[in-house]
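A.B. asks: here is my input, please return the structure:
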Amino acid sequence: MDRNIDCATAINEATEQCMKKYKNVFIFGLGVPDPKGIFGTTTGLQKKFGNQRVFDMPLAENGMMGVAVGAALNGFRPIITHQRIEFALLSMEQIINQAAKWNYMTAGKQKVPLVIRMIVGKGWGQGPQHSQSLESLFGHIPGLKVVMPFSPKDTKGLLISSIEDNNPVVFIEHRWLHSIKQKVPKSYYKIKIGSGRIASKGNDISLISYSYGIFECLKASKILKEKFNISSEVVDLRTIRPLDKNIILKSAKKTKRILAVDNSWKSFGVSAEIISLITDNLKTKDIKKIARIGNVEVPCPSTRALAKDFYCNYISIVNKVLEMLGSKKKYLKKNNLNDDVPDKSFKGPF
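C.D. replies: Residues are numbered from 1 along each chain as shown. Predicted coordinates for the structure are as follows:
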């Protein structure tokens, strides 16, 4: 049975269903048992499963990540949460030198079935240290899988697959997607890690992105069609590592024009990887135009007046597409976007 639920509920439901199915799954992190339950993603779990399987942790991210890695090596399937991706930076040694490498160092004899939930976002004056999208840091590391879903349906299916995976999975959520709703099956189901999807079909240009970038790409695609008669294909990667190379190359070969839309800065990031993948595998005659777009290459400003011009959004995507297709037109809609909060229910970062 399908119901209309948001991403936060989908995460909560996937976690609950996995905890019911697997007694060795537990979840912990700062704020996990709090009343707000990390944007509603962990609400009610401690009441259902007790404080031995759902619990808070001290401000010792590196040490607690070590606990998670040790538990994973000893038969458990831990889920550790970080309400900001920046908090996980304090545990990089454990993630990169321990979690990502044990399977390799033991010739496959030891597994690290660990899910590391990290939350990214924007707005609310959080500025340089709490608004970053650092997926490319983790995507660079062999041994880690990096998942970044857009829709509630994909979020649930990919989280279940991540919990069942025998490798460490960095599961990155954009908090502005937590409130997006979609019909989601109540049943237990999985979506393959490393499999992208076509979010919207088109013929003139491919917009390739992931996570919140898909939200902006879909808005841009609608405007391009209605106002400029440009048919754009939106490719949702869903996972950063491994990349779905086939879906990228197939779409690129179909439209011959590609715009890679980064969720972060474009330099040394996911969009750069997309561009290199296409240019490495397709002949020159198969590519008419190729470009990438991302946030302004500075740390994120705290003030709203500056932040509204920092983020890549549907306006900048539309104008980039028009430029790539040789149009002298420009989409000049005033930037009156909700750049500070995703909706009226948003009462603060925690």
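A.B. asks: low-confidence ranges, this protein, go.
C.D. replies: 334-339, 346-350 (pLDDT under 70).
A.B. asks: that one: strands as residue ranges?
C.D. replies: For the chain, the strands defined by DSSP state E cover 2-6, 25-29, 54-55, 77-82, 115-120, 145-147, 169-174, 181-185, 197-200, 205-209, 232-236, 239-241, 257-265, 289-295.
A.B. asks: winner for burial among those strands?
C.D. replies: Highest mean neighbour count of the strands of the chain: strand 205-209, a mean of 29 (counted as mean count of other Cβ atoms under 10 Å). Where you see a C-beta, it was placed from the backbone N, CA and C, and this is true even at glycine.
A.B. asks: all helices of the stretch 51-200 of the chain, in order?
C.D. replies: Taking DSSP state H, counting those that start in this stretch, the helices of the stretch 51-200 of the chain run over residues 61-73, 92-93, 102-105, 127-130, 135-139, 152-164.
A.B. asks: that older thread, tabulate the strands of the chain (TSV), appending distance to residue 18.
C.D. replies: Listed next are the strands of the chain as TSV, based on distance: least, Cβ to Cβ, whole Å:
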stretch	distance to residue 18
strand 2-6	17
strand 25-29	5
strand 54-55	12
strand 77-82	8
strand 115-120	9
strand 145-147	15
strand 169-174	12
strand 181-185	15
strand 197-200	22
strand 205-209	28
strand 232-236	23
strand 239-241	18
strand 257-265	26
strand 289-295	34
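A.B. asks: which residues sit against the biggest helix by length in the chain?
C.D. replies: Longest helix of the chain, by residue count under DSSP state H: helix 212-228. For helix 212-228, contacts defined as Cβ atoms under 8 Å, 6 or more residues apart in numbering pick out 150, 174, 176-177, 180, 199-200, 202, 207, 209, 230-232, 234, 236, 261-263, 312-315, 317-318, 321-322, 327, 329, 331.
A.B. asks: residue 297 - how many residues pack around it?
C.D. replies: By the criterion of other Cβ atoms under 10 Å, residue 297 has 9 neighbours.
A.B. asks: now swap in residue 321 and tell me
C.D. replies: Here the number of neighbours of residue 321 (other Cβ under 10 Å) works out to 26.
A.B. asks: list the contacts for it?
C.D. replies: Applying Cβ under 8 Å, 6+ apart to residue 321 gives the contacts 205, 207, 220, 224, 230, 232, 259.
A.B. asks: distance check, it against residue 112.
C.D. replies: Distance, residue 321 to residue 112, using Cβ to Cβ, to the nearest Å: 42 Å.
A.B. asks: what of residue 86?
C.D. replies: 23 Å.
A.B. asks: the more surrounded of these two?
C.D. replies: More neighbours surround residue 112 than the other of residue 86 and residue 112, with 26 against 18 (other Cβ under 10 Å).
A.B. asks: how does this protein divide into domains?
C.D. replies: Domain assignment for the chain, taken from automatic domain parsing, gives 7-185, 197-324.
A.B. asks: so which of the ones you listed is nearest residue 340?
C.D. replies: domain 7-185 (4.3 Å; Cβ to Cβ).
A.B. asks: quick one: terminal-to-terminal distance for the closest one?
C.D. replies: 13 Å (Cα to Cα, to the nearest Å).
A.B. asks: from the chain's centre, how far out does that domain sit?
C.D. replies: Distance, stretch centre to chain centre, for domain 7-185: 12 Å (Cα atoms, centre = their mean, to the nearest Å).
A.B. asks: do the same with stretch 286-295
C.D. replies: Remark: stretch 286-295 is offset 21 Å from the chain centroid, using Cα atoms, centre = their mean.
A.B. asks: ok, stretch 301-310 next?
C.D. replies: How far stretch 301-310 lies from its chain's middle: 22 Å, per Cα atoms, centre = their mean.
A.B. asks: check contacts around the residue nearest the centre of the chain.
C.D. replies: Closest residue to the average C-alpha location of the chain: residue 148 at 2.4 Å, with Cα atoms, centre = their mean. Residues counted as contacts of residue 148 (Cβ under 8 Å, 6+ apart) are 135, 172-174, 210-211, 237-240, 263.
A.B. asks: and it, how far is that from residue 263?
C.D. replies: Separation of residue 148 from residue 263 (Cβ to Cβ) stands at 7 Å.
A.B. asks: between these two, which contacts overlap?
C.D. replies: Common neighbours of residue 148 and residue 263 (Cβ under 8 Å, 6+ apart) are 135, 174, 210-211.
A.B. asks: for those, which one is nearest residue 42?
C.D. replies: Nearest to residue 42 among the shared contacts of residue 148 and residue 263, with distances taken as Cβ to Cβ, is residue 174, at 17.2 Å.
A.B. asks: so residue 174 touches residue 210, yeah?
C.D. replies: No: Residue 174 lies out of contact with residue 210 (Cβ atoms under 8 Å); the separation is 9.5 Å.
A.B. asks: between the two, which contacts overlap?
C.D. replies: Residues touching both residue 174 and residue 210 (Cβ under 8 Å, 6+ apart): 148, 263.
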